[in-house]
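K.L.:
Requesting a structural model of the entry that follows:
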Amino acid sequence: MNLQEMIRPTVRNMPPSGIRKYFDLLNEMKDAISLGVGEPDFVTPWAIREAGIYSLEKGHTHYSSNPGFIELRRQISRYVAKKYNVEYDPQTEIIVTVGASEAIDIALRALVGPGDEVIIPEPSFVAYKGCTMFTGATPVVIELKEEDEFRLRPDQLEKALTDRTKVVILPFPNNPTGAVMRPEDQRKIVDVLKDRDVIIISDEIYAELTYSGKHVSFASYPEIRDRTILINGFSKAFAMTGWRIGYACGHPVLIEAMNKIHQYAIMCSPTTAQYAASEALNSCEDEVQAMVREYNRRRRVMVKGLRDAGLSCFEPMGAFYVFPSIKSTGMTSDEFCEKLLVEEKVLAVPGNAFGACGEGYIRATYANSYENITEALRRISRFVSRHRK
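P.N.:
Numbering: from 1, shown residues only. Coordinates of the predicted model:
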């Protein structure tokens with residue numbers, strides 16, 4: 001038996017993440033600085049960890065209901081109403097998931113299949129395209145441009161929509177660019193979508209990490225509220241990546257469909273993480289704001305340092321990434337990142353890992369210590385100076 005032939009062609013032919021080889025190289029190096037991992041360098045706040053520990057000590061180790069503990073869903077409902085001015089019924093319109101990634105996966109599996117199209121603005125999170133292809137649906141890529149500050153333009157969206165479009169993914173604040181959609185830009189996108197029979201997946205995992213103005217959720221627009229699945233989680237804002245806890249909010253029909261897949265594939269999110277998430281929403285606003293202030297300080301340092309090194313760098317207003325252009329070096333994104341790692345022991349991620357239109361850019365995270373960032377910038381400056389065309 002040829003086991004390779006037993007694997008579905010879609011899975012067999014899916015390339016592995018373009019990021020993986022750089023982490024493999026990093027693991028072989030000493031004194032290397034990683035600007036590659038998209039997770040907070042902060043430890044989960046103590047109150048959250050204590051709540052998780054206490055739940056274990058009390059023996060709270062059994063399944064929750066499939067969509068999550070009702071008290072956590074009530075807290076998520078209050079949080080979303082307070083932060084984004086959108087009301088959701090905790091009984092029927094919220095599901096707690098294994099990170100925001102599971103929410104993306106089960107939303108797509110509930111909605112699309114062969115013959116359907118999913119619009120994905122890129123550069124963006126690598127899972128969107130992969131999860132779409134695993135359903136048998138077709139990803140339709142819109143290439144975001146630096147001259148537009150990596151925002152989605154309404155004319156681009158209009159052009160991409162067809163009779164086969166079933167889902168539009170709106171990934172803002174954006175990974176890897178740090179781009180945000182201003183309310184006036186959102187209004188134009190809403191006007192394009194409001195009379196279309198499409199579902200919107202709004203991935204707002206970086207909503208708390210915005211540095212200019214207040215985040216506005218696409219779900220807050222009444223015209224598209226019932227056709228929008230709002231996805232968020234605890235990984236980024238609360239420094240809880242390893243806890244694997246996220247959530248989705250939406251119309252009861254959409255959440256019920258997602259819950260069917262969730263209950264067969266997952267059963268429920270980790271109960272320890274659910275208790276911890278409840279405490280995060282209850283008492284950790286000050287810690288979140290302190291982390292945001294520190295990210296903002298590092299953001300300014302990173303942008304200035306990269307520009308001083310001779311790289312063109314768009315100023316991100318969300319998330320915790322910068323996405324500088326390395327075209328002036330004459331190297332491809334892969335060449336730049338591999339040489340930077342080998343020669344200067346600094347890990348960044350090639351921009352093309354987030355879509356072909358990311359070629360000519362790299363992603364670097366400022367979710368690292370101030371000291372590591374300043375040292376990495378010194379090394380990058382030396383590297384660029386040595387390789388400048």
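
K.L.:
Please report the distance of Tyr264 from Ala127.
P.N.:
Separation of Tyr264 from Ala127 (C-beta to C-beta, to the nearest Å): 20 Å. Yep, even glycine has a C-beta here, placed from its N, CA and C like the rest.

K.L.:
which one is Arg187 nearest to, not counting chain neighbours?
P.N.:
Among residues not flanking Arg187 along the chain, Tyr221 sits closest, at 7.8 Å (C-beta to C-beta, 6 or more residues apart in numbering).

K.L.:
Pull the contacting residues for the one you found.
P.N.:
Listed by C-beta atoms under 8 Å, 6 or more residues apart in numbering, the contact partners of Tyr221 are Gln186, Arg187, Val190, Lys194.

K.L.:
Sort out for me which of these are in strands.
P.N.:
Counted as lying in strands by DSSP state E, out of the contacts of Tyr221, is not a single one.

K.L.:
which one of these is nearest Leu347?
P.N.:
The shortest approach to Leu347 among these belongs to Gln186, at 34.0 Å (C-beta to C-beta).

K.L.:
Report the contact partners of Gln263.
P.N.:
Neighbour list for Gln263: Asn66 [criterion: C-beta under 8 Å, 6+ apart].

K.L.:
downstream neighbour of whichever strand or helix holds it in the secondary structure list?
P.N.:
Secondary structure assignment for Gln263, by DSSP states H and E: helix 252-265. Helices and strands here follow DSSP H and E; after helix 252-265, the next one along the chain is helix 271-283.

K.L.:
Helix, strand or coil: sort out Pro15 for me.
P.N.:
Assigned with DSSP: H, G, I helix; E, B strand; the rest coil, Pro15 falls in the coil class.

K.L.:
Now do the phi/psi pair for it.
P.N.:
When quoted as degrees, to the nearest 10, the phi and psi of Pro15 stand at phi -70, psi 150.

K.L.:
pretty sure Pro67 contacts Ile76?
P.N.:
No. Applying C-beta atoms under 8 Å as the test, Pro67 and Ile76 come out as separate, 10.7 Å apart.

K.L.:
Need the residues touching each of these two.
P.N.:
Ile94, Val96.

K.L.:
still on that earlier bit, what remains of the contacts of Tyr221 if I keep only buried residues?
P.N.:
Among those, those classed as buried by 16 or more other C-beta atoms under 10 Å are Gln186, Val190.

K.L.:
Can you name the two of the contacts of Tyr221 that sit furthest apart?
P.N.:
Taking C-beta to C-beta as the measure, those span a maximum distance of 11.9 Å, between Gln186 and Lys194.

K.L.:
in the stretch 101-250 of the chain, which spans are helices?
P.N.:
For the stretch 101-250 of the chain, the helices defined by DSSP state H, counting those that start in this stretch cover 127-135, 154-160, 183-193.

K.L.:
Flag the shaky bits of the stretch 101-250 of the chain, pLDDT-wise.
P.N.:
Nowhere does the stretch 101-250 of the chain drop to pLDDT under 70.

K.L.:
Which residue ranges of it form strands?
P.N.:
Here the stretch 101-250 of the chain has its strands, by DSSP state E, counting those that start in this stretch, at 117-122, 138-143, 165-170, 199-203, 228-233, 246-249.

K.L.:
Let me have these in CSV, extended by mean neighbour count and distance to Trp46.
P.N.:
Output for the strands of the stretch 101-250 of the chain, formatted as CSV (neighbours: other C-beta atoms under 10 Å; distance: least, C-beta to C-beta, whole Å):
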stretch, mean neighbour count, distance to Trp46
strand 117-122, 24, 38
strand 138-143, 17, 41
strand 165-170, 24, 34
strand 199-203, 25, 29
strand 228-233, 27, 20
strand 246-249, 28, 22
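
K.L.:
Out of those strands, which gets nearest to Phe42?
P.N.:
Phe42 lies closest, by C-beta to C-beta, to one member of those: strand 228-233, at 15.8 Å.

K.L.:
related to what we said a few turns ago, among the contacts of Tyr221, which one sits closest to Val253?
P.N.:
Nearest member of those to Val253, counting by C-beta to C-beta, is Lys194, at 18.5 Å.

K.L.:
still on that earlier bit, between the helix holding Gln263 and strand 228-233, how big is the angle?
P.N.:
Here helix 252-265 points in a direction 50 degrees away from that of strand 228-233 (axes from the mean of the first three to the mean of the last three C-alpha atoms, to 10 degrees).
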